[in-house]
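Enquirer: generate a structure from the sequence data that follows.
(chains A and B)
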Amino acid sequence: MKEAQDLRAGNCVKIGNDLYIIAKYEYIKGARGASSCKMKMKNLTTNSVSETVYRASDKFEQVVLENKKMQYLYESGDMYTFMDNDTGEQMELNKDDLGDALKYLQEEMVIDIVVYGEKAVGVKLPQQVDLEITYTEPAVKGDTGGKVLKAATVNTGIEVQVPLYCNIGDKIRVDTETNEFVSRAK
Amino acid sequence: MNFSSIDIFCHCVDNFGDAGVVYRFAREFKASNPRCRTRVFIDSKETLRAIVKEIDPSKAVQELESILYIDTRALTETLMENLGAADIMVEAFACHIPEPLLEQAYSKSKLIINLEYLSAESWVEGFHLKESLLGCGTARKFFFMPGFTEATGGLILNSRLAQTRYSGGFDRFQILNDVLNTFGITVKPEENKLLGTLFTYERGLDSLLTDLNTQNRKATLLVFGDKSQKSISAALERLGGRHDSISAQIRTYKNVQLICMPFIDQHSYDTLLCCTDFNFVRGEDSLARAVLSGKPFIWNAYIQDNKYQKVKVEALLETMRPFYKNENVFNDYSKLMLTFNDAPEESAAQTTSERYVNFLKNLKKHERAAEEMSYFMHLNCNLIEKFNGFLRKN
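Expert: So this is what the prediction gives:
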């Protein structure tokens, strides 16, 4: 059994007789240790999607589904296409299935596609991804401490808080669980 | 949905907030649903006793104002089987319903509702009334999030007090004197005395006393709870205050009179907060009371790891911002609230750097904002009304 606070987007759990894949995951620190998690979950039998909330300590039966490493090719409308570079097999996922992954998805990125039966049902993000800053206020010279942060827009369109020394065009490593700056990337 | 019974479960973590909120919720719910059998399962009737004099901790089961109070520590398998589960099961603050009752709930109850802690943070709206798929059998499970906006669960109002206040039958000085006469003190409008309440965690209060003293008015501070009283004693020791000859409960520091108050019942406390010039409150329930009172207040948030309480304070300030017309007054207030809540831990020995001079100087401006917020909350954020509406809809 796994506690709600240990689950992540891309995990699959069994509730009653149904399997659910987590598309979006949000952890909130509550008062006096009573934290909660919000999850957007898709029922793999009925395909219905619901936004749900749990106590951080709620227990779930986790089910490990098959993962396939695939490369993101392109989007068309709400559909996103991925390809297995070894076999050439292609799979599609819609915007809702991608959930949190949309914030970090970049062309040619290779990620784990979660497969149920013969269908792609979700994605599992790597712990960290490299992104490029497309806009931020000019860097402050001499500030190398990294304790003071500023907002930066990255190439996937999301905003990340970065140290003052970062510039437009810099590659940065970001934690996909917390959306926090980790380091500069090479 | 038709329902005829509700069970409210409470685990007292520390202090009085858990018991206080549950007691308040049970009473207000019962008042709006008189035919609904209402039971409160609580694991520290001693804590409840501090708030409600009529509660007898030696009784495992006790009826008070048509609500049954049950000591969870006295529950046996047989007793739980006989008690059964209600149509609505409320877990206050994510507490755990005893397993045998939960099993019964899965086959009999209609809803399990997790009544959460109060927070002003923006995520609260997105969590409010969301379902947990871990409900089972006949019982669906939902999260009910109290808060300060229309899209949250709102605050538990004191309906009796609200009725008195808004019907015009509210005599501020009569109420104050009913409390103060016990100590041989009477306040008159013409005295222009500054009156406040103080209910905080343990903390340094030296600068509060010195700033109150420098006002050109005499001040009386009603000090509630052991922690505030201990903090006041420590501050007075450092500043050199003295005991009043009339009573050991009264102390003075130059122009400031300090009265150590006994615990008073919720309704009296709620009413008192509406009669003073300012209030210092702590935790969750007294914060809600302060917001509803329409009087200026300083909130001492529950201290958490890494000073996480400041996130909660910042969120509250953002909720209050729209009610302020003067940005400078608000910014000054924000600064005070954040400094006040900067402590990493509780300690009456701590020194303080915050200054209250501007807060005290601008009390009338703060009061205008507080009144507007209170009115907004009464009009749009009645928790029991929202709770009842949710039950009817499901």
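
Enquirer: neighbours around residue 93, how many?
Expert: All of this refers to chain A. 26 (other Cβ atoms under 10 Å in any protein chain shown). Bear in mind the C-beta positions are built from the backbone N, C-alpha and C, glycine included.

Enquirer: wait, I meant chain B there
Expert: Here the number of neighbours of B:F93 (other Cβ under 10 Å) works out to 23.

Enquirer: pretty sure it contacts B:D18?
Expert: Yes - between B:F93 and B:D18 a contact is recorded at 6.1 Å, counting by Cβ atoms under 8 Å.

Enquirer: quick check: neighbours shared by the two?
Expert: B:10-11 (Cβ atoms under 8 Å, 6 or more residues apart in numbering or on different chains).

Enquirer: so how many other residues sit close to residue 108?
Expert: Since no chain was named, I'll use chain A. A:E108: 7 neighbours (other Cβ under 10 Å).

Enquirer: oops, wrong one, chain B.
Expert: Count around B:K108 with other Cβ under 10 Å applied: 16.

Enquirer: and what of B:Y69?
Expert: 27.

Enquirer: just to be sure, it is in a helix?
Expert: No - judged by DSSP: H, G, I helix; E, B strand; the rest coil, B:Y69 forms no part of a helix; its state is strand.

Enquirer: my guess is it meets B:S44, correct?
Expert: No - applying Cβ under 8 Å, one finds B:Y69 not in contact with B:S44, separated by 11.3 Å.

Enquirer: before we move on, which element is the closest residue to B:I51 other than its chain neighbours in?
Expert: Nearest residue to B:I51, sequence neighbours excluded (Cβ to Cβ, 6 or more residues apart in numbering or on different chains): B:G20, at 5.5 Å. Per DSSP states H and E, B:G20 falls inside helix B:17-32.

Enquirer: please apply the same query to B:T339.
Expert: helix B:327-340.

Enquirer: same for that helix, what does it pack against?
Expert: Judged by 3 or more Cβ pairs under 8 Å, 6 or more residues apart in numbering or on different chains; DSSP states H and E, the packing partners of helix B:327-340 are strand B:297-300, helix B:309-320, helix B:357-361, helix B:363-380.

Enquirer: just to revisit the earlier point, ok, the residue nearest to B:I51 - contacts?
Expert: Contacts of B:G20 (Cβ under 8 Å, 6+ apart): B:51, B:266, B:285.

Enquirer: now the residues you listed in JSON lines, with secondary structure, neighbour count and pLDDT?
Expert: Output for these, formatted as JSON lines (DSSP: H, G, I helix; E, B strand; the rest coil; neighbours: other Cβ atoms under 10 Å in any protein chain shown; pLDDT from 0 to 100):
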{"residue": "B:I51", "secondary structure": "helix", "neighbour count": "18", "pLDDT": "86"}
{"residue": "B:Q266", "secondary structure": "helix", "neighbour count": "19", "pLDDT": "91"}
{"residue": "B:D285", "secondary structure": "helix", "neighbour count": "27", "pLDDT": "93"}
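
Enquirer: closest to A:P163 out of those?
Expert: B:D285 (40.9 Å; Cβ to Cβ).

Enquirer: residues touching the closest one, list them.
Expert: By Cβ under 8 Å, 6+ apart, the neighbours of B:D285 are B:16-17, B:20-21, B:24.

Enquirer: by neighbours, which of those residues wins?
Expert: B:G20 (25 neighbours).

Enquirer: contact residues of the stretch 251-394 of chain B facing chain A?
Expert: Residues of the stretch 251-394 of chain B lying close to chain A (Cβ under 8 Å from any Cβ of the partner chain) are B:284, B:302, B:304, B:308, B:312.

Enquirer: can you lay out those as TSV showing pLDDT?
Expert: TSV is the format used below for these (pLDDT from 0 to 100):
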residue	pLDDT
B:E284	90
B:Y302	89
B:Q304	85
B:Y308	86
B:K312	94
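
Enquirer: per-domain residue ranges of the chain.
Expert: Reading this off chain A. According to automatic domain parsing, chain A comprises the domains A:2-63, A:66-124, A:128-184.

Enquirer: hm, I was asking about chain B
Expert: If you go by automatic domain parsing, chain B breaks into B:5-154, B:159-379.

Enquirer: nearest to A:Q106, of those domains?
Expert: domain B:5-154 (27.1 Å).

Enquirer: what about the residue nearest to B:C260 when sequence neighbours are not counted, distance to chain A?
Expert: Excluding the flanking residues, the one nearest B:C260 by Cβ to Cβ, 6+ apart is B:Q249, at 4.5 Å. For B:Q249, the distance to chain A (Cβ to the nearest Cβ, to the nearest Å) stands at 31 Å.

Enquirer: which residues sit in contact with B:Q249?
Expert: The contact partners of B:Q249, by Cβ under 8 Å, 6+ apart, come to B:183, B:259-261.

Enquirer: again, but for B:C12
Expert: B:C12 neighbours (Cβ under 8 Å, 6+ apart): B:18-19, B:42-44, B:47.

Enquirer: and the regular element (helix or strand) spanning B:S207, which residues are buried?
Expert: Taking DSSP H and E as the criterion, B:S207 maps to helix B:206-213. Within helix B:206-213, the residues that qualify as buried by neighbour count (16 or more other Cβ atoms under 10 Å in any protein chain shown) are B:206-212.

Enquirer: next one: stretch B:219-229
Expert: Buried, per 16+ other Cβ under 10 Å, within stretch B:219-229: B:219-225, B:227-229.

Enquirer: B:H96 in helix, strand or coil?
Expert: coil.

Enquirer: now do the nearest residue to it once chain neighbours are set aside against B:I264, distance only.
Expert: Closest residue to B:H96 apart from its sequence neighbours, by Cβ to Cβ, 6+ apart: B:H11 at 7.2 Å. To B:I264, B:H11 is 25 Å away according to Cβ to Cβ, to the nearest Å.
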